[in-house]
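K.L.:
Kindly generate the corresponding structure for this input.
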Amino acid sequence: MTALDHLVVAGETLGTSGLDAVLGVALSGGGEHARMGTHNRLLRLGTDAYLELIAIDPRATRPERPRWFGLDEPAMHAALAEGPRFIHWVARVESTVLPTLPFDVGVWEPFQRGDLSWKLTVRGDGALPAEGVVPSLICWSGAAHPPGRLPDAGVTLEALELEHPRAAEVQRQLDLLELAVRCRPAPSPRLTAHLRTPAGPRTLHSTGPIR
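P.N.:
This next block holds a predicted model:
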């Protein structure tokens, strides 16, 4: 089974992202990713998905490789200087054995934080597959999963919309992964997440800062 695991929102920092104010709820503390020099905060979305706010950890040693999610790219730095941005999504798979895919999602790399253990596909250059529209893949070890330990803040994901100039190729990737998500053709790549929050509906776009 393959399903949406989490949405990725990047910020210049965790403390001044303004995401809490936009969503009307407080994100929970997450942790550090020493291998990637990043840290995060988390928000439960329904029962089996979550939102991750991720940023470069200023206290961490800079890794010798590019960080994940394109966080070292100058264009990403410029974009995040304007505010946090919805940049990517991650799909959960049950096995690391995958079919041949049209888009390179990288290789499986192991990670662990406390009793959470997982493998994630990471490209060697740190770039986002298909500008973030094609998901990275995650395979969790054991039953531990972030949504099960996060408080329910009353936020749910209503819909995820994908757009890309190479929509047919993106759709083939999604179909091979058996993901029930559609990609529409568009001049530029775009991600849109529709959230239901206690403060009302909120929409996150990848093409501009979250405000």
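K.L.:
Give me the contact list for the longest helix along the chain.
P.N.:
For the chain, the helix that runs over the most residues, judged by DSSP state H, is helix 167-176. Outside helix 167-176, the residues that touch it by C-beta atoms under 8 Å, 6 or more residues apart in numbering are 99, 101-103, 130, 133-134, 162, 164, 181-186. Just so you know, the C-beta spots here come from the backbone N, C-alpha and C atoms, and that holds for glycine as well.
K.L.:
Stretch 94-113 too?
P.N.:
Taking C-beta under 8 Å, 6+ apart as the criterion, the residues outside stretch 94-113 that touch it are 1-2, 31-33, 35, 117-124, 129-130, 134-137, 139, 169-170, 172-173, 176-177.
K.L.:
which ones among those are found in strands?
P.N.:
Counted as lying in strands by DSSP state E, out of the contacts of stretch 94-113, are 31-33, 117-122, 136-137, 139.
K.L.:
Of the residues you listed, just the buried ones, PyMOL syntax please.
P.N.:
Per 16 or more other C-beta atoms under 10 Å, the buried members of these correspond to this PyMOL selection:
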select buried, resi 33+118+119+120+121+122+136+137+139
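K.L.:
Just put the ones in strands among the contacts of stretch 94-113 in JSON lines and tack on distance to L51.
P.N.:
Written out in JSON lines, the entries for the ones in strands among the contacts of stretch 94-113 read as follows (distance: C-beta to C-beta, whole Å):
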{"residue": "G31", "distance to L51": "15"}
{"residue": "E32", "distance to L51": "18"}
{"residue": "H33", "distance to L51": "16"}
{"residue": "S117", "distance to L51": "21"}
{"residue": "W118", "distance to L51": "17"}
{"residue": "K119", "distance to L51": "21"}
{"residue": "L120", "distance to L51": "16"}
{"residue": "T121", "distance to L51": "19"}
{"residue": "V122", "distance to L51": "20"}
{"residue": "S136", "distance to L51": "15"}
{"residue": "L137", "distance to L51": "18"}
{"residue": "C139", "distance to L51": "20"}
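K.L.:
now for the ones in strands among the contacts of stretch 94-113, which pair is the farthest apart?
P.N.:
Set against one another by C-beta to C-beta, those have their most distant pair in E32 and L137, with a gap of 22.1 Å.
K.L.:
This protein: helices as residue ranges?
P.N.:
Chain-ordered helices for the chain, with DSSP H as the definition, fall at 19-23, 74-80, 167-176.
K.L.:
Could you save the ones you listed as CSV and add columns showing distance to E158 and mean pLDDT?
P.N.:
Putting the helices of the chain into CSV (distance: least, C-beta to C-beta, whole Å; pLDDT from 0 to 100) gives the following:
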stretch, distance to E158, mean pLDDT
helix 19-23, 13, 90
helix 74-80, 25, 95
helix 167-176, 19, 97
